[in-house]
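Participant: the following comprises the amino acid sequence and a computationally predicted model.
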Amino acid sequence: MKTNELVAYLDDYLLTKDVPDYSDAYNGLQVEGKPEIKRIAVAVDACLATIEEAIALEADLLLVHHGLFWGQKAPLTGNYYRRVEKLIRGNLALYSSHIPLDAHLEVGNNHVLTRKLGFEPTGRFLSIKGCLIGATAETDISLTELVERIRRVLEVEPFVMAKGGEWVGRLGVCTGGAGSEIREAYESGVTTFITGEGAHHTYFDAEELGINVIYAGHYATETIGVRALAEHLEARFGLETRFISHPTGL
């Protein structure tokens with residue numbers, strides 16, 4: 001497939017130009033590569049390890065959730081240079097999708113994780129610049145059962161702040177680093193909130209608001225979207241895809 005055609009498809013499918021993001025994020029094609037794509041590598045992060053693995057796999061495109069550029073106007077030196085240098089010398093294109101991949105209804109981190117846990121999303125919550133990105137679902141299972149499902153799906157041991165009772169009730173899912181959004185989750189009627197990570201003080205937010213909060217890992221919760229997008233591209237275009245695992249444990 002022509003690279004420009006695939007990039008145009010991704011931009012359209014992911015609503016790359018329409019979904020707002022943090023001011024320091026950049027979504028879309030970040031580094032050009034070969035004019036034709038046959039093999040795609042997907043990863044959570046565009047770090048040196050995943051770039052080198054993608055080149056070793058002879059991928060033509062690396063598709064990630066966390067890209068190279070976060071608004072920094074830094075010199076191309078040190079590890080920042082080494083990442084860019086590897087991409088260019090390896091003739092490897094790089095495409096990044098941050099909030100657009102969180103928010104997407106079909107392949108987004110939040111909606112796909114909700115489904116993998118056994119629930120159909122019924123609503124959205126948690127606004128980023130006016131765009132609701134989290135997924136909600138009505139449940140009738142215990143917190144113990146939900147935690148066991150998270151263990152099976154993500155293969156992690158989640159950190160559980162059981163401050164809202166034994167039943168899950170209305171589930172809210174917003175992957176990554178949304179621990180600071182506990183109050184917004186609570187005000188949205190969420191009684192059990194799954195995200196990746198949060199700061200020390202969020203324990204008291206959960207305790208004082210009376211809401212269950214589960215930290216399942218920033219990395220682990222955000223492997224979901226890139227994998228779902230890879231499956232979508234395989235099914236639609238017959239492109240070969242490979243997931244590169246490089247967990248941080250965070």
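Facilitator: Yep, that arrived. Residues are numbered from 1 along each chain as shown.

Participant: quick one: residues contacting the residue nearest to the spatial centre of the chain.
Facilitator: Centroid-nearest residue in the chain: Glu222, 3.4 Å away (criterion: C-alpha atoms, centre = their mean). When the contact criterion is C-beta atoms under 8 Å, 6 or more residues apart in numbering, the partners of Glu222 are 44, 65-66, 109, 175-176, 196. Heads up, the C-betas are built off the backbone N, CA and C, glycines and all.

Participant: which parts of this structure are strands?
Facilitator: Here the chain has its strands, by DSSP state E, at 28-31, 39-45, 61-66, 93-96, 123-128, 131-138, 159-161, 170-173, 192-195, 212-215, 240-243.

Participant: any idea which of those strands is most buried?
Facilitator: Mean neighbours per residue, mean count of other C-beta atoms under 10 Å, is largest over the strands of the chain for strand 192-195, with a mean of 29.

Participant: direction included, what does that one pair against?
Facilitator: Paired with strand 192-195 in the same sheet, following DSSP bridges, are strand 170-173 (parallel), strand 212-215 (parallel).

Participant: would you put the C-alpha positions of the first one in PDB?
Facilitator: Included here for strand 170-173 are C-alpha records, laid out as PDB according to Å, rounded to 0.1, in the frame of the first residue of the first chain:
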ATOM      1  CA  ARG A 170     -21.200   2.200  36.700                       C
ATOM      2  CA  LEU A 171     -17.800   1.500  35.300                       C
ATOM      3  CA  GLY A 172     -15.600   4.200  33.900                       C
ATOM      4  CA  VAL A 173     -12.500   3.500  31.800                       C
END
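
Participant: list the contacts for Glu234?
Facilitator: So Glu234 contacts 240-241 (C-beta under 8 Å, 6+ apart).

Participant: now Gly165
Facilitator: 143, 191, 210, 212.

Participant: give me the distance between the third one and Phe193.
Facilitator: Which is Gly210. Remark: distance between Gly210 and Phe193 (C-beta to C-beta, to the nearest Å) = 12 Å.

Participant: so how far is the biggest helix by length in the chain off the chain centroid?
Facilitator: Determined from DSSP state H, the single longest helix within the chain is helix 223-237. Distance, stretch centre to chain centre, for helix 223-237: 13 Å (C-alpha atoms, centre = their mean, to the nearest Å).

Participant: next, the buried residues of that helix.
Facilitator: Within helix 223-237, the residues scored as buried using 16 or more other C-beta atoms under 10 Å are 223-230, 233.

Participant: next one: the most far-flung residue of the chain relative to its centre from Thr202, what distance?
Facilitator: Most distant from the centre of the chain: Glu208, at 28.5 Å, with distances by C-alpha atoms, centre = their mean. Distance of Glu208 to Thr202, given as C-beta to C-beta: 11 Å.

Participant: same thing with Cys131?
Facilitator: Cys131 is 23 Å from Thr202, by C-beta to C-beta.

Participant: Arg151 reaches Glu157, doesn't it?
Facilitator: Yes. Contact criterion C-beta atoms under 8 Å: Arg151 and Glu157 qualify, at 6.7 Å.

Participant: and Ile88, how many residues sit next to it?
Facilitator: 12 (other C-beta atoms under 10 Å).

Participant: circling back to that earlier point, which of the contacts of Gly165 count as buried?
Facilitator: Looks like the contacts of Gly165 have 143, 191, 212 buried, using 16+ other C-beta under 10 Å.

Participant: now distance to Val31 too, for those residues, in a markdown table please.
Facilitator: Formatted as a markdown table, these follow (distance: C-beta to C-beta, whole Å):
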| residue | distance to Val31 |
| --- | --- |
| Leu143 | 43 |
| Thr191 | 43 |
| Asn212 | 41 |
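
Participant: closest one of these to Glu36?
Facilitator: Asn212 (48.5 Å; C-beta to C-beta).

Participant: show me what that closest one is bridged to.
Facilitator: According to DSSP bridges, beta-bridge pairing links Asn212 with Thr192.
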